[in-house]
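Asker: Sequence first, then the predicted structure, then my questions.
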Amino acid sequence: MYQAPLTFLKKRRTQYALGKNLPISKEQTSELIQEAIKHSPSAFNSQSSRAVILFGAESEKFWNFVKEALRKIVPAEDFSASEARINGFAAGAGTVLFYENQDVVKDLQEKFALYADNFPLWSEQSSGMAQLAVWTTLANVGIGASLQHYNPLIDAEVAAEWNIPASWKLRAQMPFGSNEQPFGEKDFMDDKERFKVFG
């Protein structure tokens, strides 16, 4: 019985084969994403995480920005693979852009100078927990997703397009949608190489 909560976490898997047929409405999906972030932990309850949720054409526009940015730096002979990967993300129903508000971090550094060096790190940890919370929440309603990091390559263009505050720092992108392929088996390294238990 004590294993039951882990079933939610175990459903979180990387899905690259995304479709646009969400099992719930856009409104419900957006609400779940927001609630997952709202209830994610943060140092000093700073609530530094921010998100931009893009659906449909807006999500496709984002991935087109990524594609064109990559086109400028990826050798032409290698671009087809990058293009196919990006098109796969764009094929989904939407994308979550995860941000961290740097004004919140700076304010905490000023208020709690003793911990000033730690707040940027704690902000990154908060973002990671928000990402996991969203990913797990989506997985448990049958929505597939993956986590991507094309920042800072497209930060300025994205900020201009969606009027993102200057204090928001892009940390990750999560394309999501219907699961269009089953998940394969997941391999795990030996527990003895990862864990030590005493007492």
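Answerer: It's in.

Asker: Now do the helix or strand containing Ser80: which elements does it pack against?
Answerer: Assigning secondary structure by DSSP states H and E places Ser80 in helix 79-90. Under the contact definition 3 or more Cβ pairs under 8 Å, 6 or more residues apart in numbering; DSSP states H and E, helix 79-90 sits against helix 56-71. Glycine gets a C-beta too; all of them are placed from N, C-alpha and C.

Asker: just to revisit the earlier point, I'd like the next helix or strand past the helix holding Ser80.
Answerer: Next helix or strand after helix 79-90 toward the C-terminus (DSSP H and E): strand 94-101.

Asker: What is that next one packed up against?
Answerer: Short answer (3+ Cβ pairs under 8 Å, 6+ apart): strand 94-101 packs on helix 26-38, strand 49-55, helix 56-71, helix 119-139, strand 168-179.

Asker: Quick one: distance of the helix or strand that it is followed by to the chain centre.
Answerer: Later in the chain than strand 94-101, the nearest helix or strand by DSSP H and E is helix 102-111. Offset of helix 102-111 from its chain centre (Cα atoms, centre = their mean, to the nearest Å): 23 Å.

Asker: and helix 102-111, which residues are buried?
Answerer: 102, 104-105, 108 (16 or more other Cβ atoms under 10 Å).

Asker: next one: stretch 24-44 to chain centre, how far?
Answerer: 12 Å.

Asker: which parts of it are buried?
Answerer: 29, 32-33, 36-37, 40, 42-43.

Asker: got the CA coordinates for it in PDB?
Answerer: What follows is stretch 24-44, C-alpha atoms only, in PDB (Å, rounded to 0.1, in the frame of the first residue of the first chain):
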ATOM      1  CA  ILE A  24      -9.300  16.800 -21.400                       C
ATOM      2  CA  SER A  25     -10.100  20.300 -22.500                       C
ATOM      3  CA  LYS A  26      -7.500  23.100 -23.000                       C
ATOM      4  CA  GLU A  27      -9.100  24.900 -20.000                       C
ATOM      5  CA  GLN A  28      -8.700  21.900 -17.800                       C
ATOM      6  CA  THR A  29      -5.200  21.300 -19.000                       C
ATOM      7  CA  SER A  30      -4.200  24.900 -18.300                       C
ATOM      8  CA  GLU A  31      -5.800  24.700 -14.800                       C
ATOM      9  CA  LEU A  32      -3.900  21.500 -14.000                       C
ATOM     10  CA  ILE A  33      -0.600  23.100 -15.100                       C
ATOM     11  CA  GLN A  34      -1.200  26.200 -13.000                       C
ATOM     12  CA  GLU A  35      -2.200  24.200  -9.900                       C
ATOM     13  CA  ALA A  36       0.800  21.900 -10.200                       C
ATOM     14  CA  ILE A  37       3.100  24.900 -10.200                       C
ATOM     15  CA  LYS A  38       1.200  26.700  -7.500                       C
ATOM     16  CA  HIS A  39       1.600  23.800  -5.200                       C
ATOM     17  CA  SER A  40       5.300  23.100  -6.000                       C
ATOM     18  CA  PRO A  41       7.700  23.900  -3.100                       C
ATOM     19  CA  SER A  42      10.100  26.900  -3.200                       C
ATOM     20  CA  ALA A  43      12.700  28.200  -0.900                       C
ATOM     21  CA  PHE A  44      11.300  30.600   1.700                       C
END
